[in-house]
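S.K.: structure of the sequence below:
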Amino acid sequence: MVTGTATPVVLLPSENRVQGLVAAASLAGWMGYTRLFAPLVRAHATLPECPFLLVTGHPCPFCGGTRAFAYAWQGEWLRAVRMYPLGPLLFVLTVLAIPALLFAVITRRQISLPPQAARAVVAVALVALAVNWSLKLTVLPN
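M.R.: Residues are numbered from 1 along each chain as shown. This is a model prediction of the structure:
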């Protein structure tokens, strides 16, 4: 007979639950904004242009992300990649993160990675962001 060890459930304090709710609400708000981006552009009701782009004339590491999400909502994945190569991946991750955060809040559990895995994820994300920005600075549209 195989017996398993019980994993203790660590209940989150209320401030962590609030942080999870704020994160989920922020991501949901962002998704709503990008879903409505096309009509908001026509109504001249979008957020201001990127300050980095305005000052330097060059795109920041995140320029094109909003439009890439808007294209992803429309199913125009190739256009989204051309606008911001990381956009479709971030779109899918955001769609997955919202219910995951809400589940964590409801069940009072914490979403975390072991420290070594977290460092690896951060390193991969920084390299991907650097490659993405390099493409934006050299071959992709602003």
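S.K.: only C-alpha atoms for contact and neighbour calcs from this point on.
M.R.: Fine.
S.K.: low-confidence stretches in this structure?
M.R.: 1-13, 142 (pLDDT under 70).
S.K.: buried residues in stretch 44-62?
M.R.: 59-61 (16 or more other C-alpha atoms under 10 Å).
S.K.: would CSV of the residues you listed with distance to A28 and secondary structure be doable?
M.R.: What follows is these, written out as CSV (distance: C-alpha to C-alpha, whole Å; DSSP: H, G, I helix; E, B strand; the rest coil):
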residue, distance to A28, secondary structure
P59, 25, coil
C60, 23, coil
P61, 22, coil
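S.K.: now these in CSV, with distance to T46?
M.R.: What follows is those, written out as CSV (distance: C-alpha to C-alpha, whole Å):
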residue, distance to T46
P59, 18
C60, 18
P61, 19
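S.K.: now, which of those sits nearest A23?
M.R.: Each of those was checked against A23 using C-alpha to C-alpha; the closest is P61, at 21.5 Å.
S.K.: that closest one contacts L135, correct?
M.R.: No: between P61 and L135 there is no contact under C-alpha atoms under 8 Å: 9.8 Å.
S.K.: what residues does the longest helix that the chain contains touch?
M.R.: Longest among the helix segments of the chain by residue count, using DSSP state H, is helix 115-138. Applying C-alpha atoms under 8 Å, 6 or more residues apart in numbering, the contact partners of helix 115-138 are 58-62, 84-86, 142.
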